[in-house]
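*Asks:* what follows is a protein structure lacking sequence information:
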C-alpha cells in the first residue's frame, strides 16, 4: 500500500475504533491525562504495525490484541514515553477529552474493572464489547472454555460485591 493511501486507510480505521481505544485505555489508567497518554501509545503501536496487519482478522481483533499488550506494558513501565514516528501526523495523536466519560455508573464500572488482574481486565473488556468467546480466545490466546469460566467467575465476584455493598 502506498504511503498516502496507507495513512488514509489508517486514519479511517482509527476514527472508527477510537471509542474502543478509550475504553481500553481508561480501564488501565487512573486519570484523563494518563488515559490520553495511553491512547497515544496505542495509536503509535497500531501505526507501527499497520503494514503487518493480517486482513484475515477483523480490525477490532487486531486492535484489541495490540491495545491490550500496550496497556499491560504501560502498567509495567509507567515512566516509559514513546515518541511518534515521523510518518505519523501529529493530529492523529490528539485525543478529544469529550471521549472520556465521567458519569457515576461508568466510573463505578471502571472502578470494578480496575480492581481486576491484568488478564481478567482484558477478558471483561472484551466481554463488555460483546465479543464472542471464539474471538476473545483468539485475541488472548486462551481456550473458549477458559474464557467462559473466567467471565462467570468475574460476574459472580461482582455480584457478591454488589450484594455486600447493598446490605
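*Replies:* Happy to help now that I have it. Remember, it's a predicted structure, so these values are computed and weren't measured experimentally.

*Asks:* secondary structure element for residue 18, which one?
*Replies:* helix 3-27 (DSSP states H and E).

*Asks:* using the three-state scheme, assign residue 54.
*Replies:* coil (DSSP: H, G, I helix; E, B strand; the rest coil).

*Asks:* that one contacts residue 62, correct?
*Replies:* Yes. Counting by C-beta atoms under 8 Å, residue 54 sits close enough to residue 62 to count as a contact (7.3 Å). (Each C-beta comes from the backbone N, C-alpha and C, glycine too.)

*Asks:* who's more crowded, these two?
*Replies:* The neighbour count for residue 54 versus residue 62, taken as other C-beta atoms under 10 Å, is higher for residue 62 (20 against 7).

*Asks:* got the contact list for the more buried one?
*Replies:* By C-beta atoms under 8 Å, 6 or more residues apart in numbering, the contact set of residue 62 is 53-54.

*Asks:* local confidence estimate at it?
*Replies:* Per-residue pLDDT puts residue 62 at 90.

*Asks:* now the helix or strand harbouring it: buried residues?
*Replies:* Here residue 62 sits within helix 59-76, counting by DSSP H and E. By 16 or more other C-beta atoms under 10 Å, the buried positions in helix 59-76 come out as 60-68, 70-71, 74.

*Asks:* what would these look like in JSON lines with distance to residue 15?
*Replies:* Below are the buried residues of helix 59-76 laid out as JSON lines (distance: C-beta to C-beta, whole Å):
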{"residue": "60", "distance to residue 15": "14"}
{"residue": "61", "distance to residue 15": "18"}
{"residue": "62", "distance to residue 15": "16"}
{"residue": "63", "distance to residue 15": "12"}
{"residue": "64", "distance to residue 15": "17"}
{"residue": "65", "distance to residue 15": "20"}
{"residue": "66", "distance to residue 15": "17"}
{"residue": "67", "distance to residue 15": "15"}
{"residue": "68", "distance to residue 15": "20"}
{"residue": "70", "distance to residue 15": "19"}
{"residue": "71", "distance to residue 15": "20"}
{"residue": "74", "distance to residue 15": "23"}
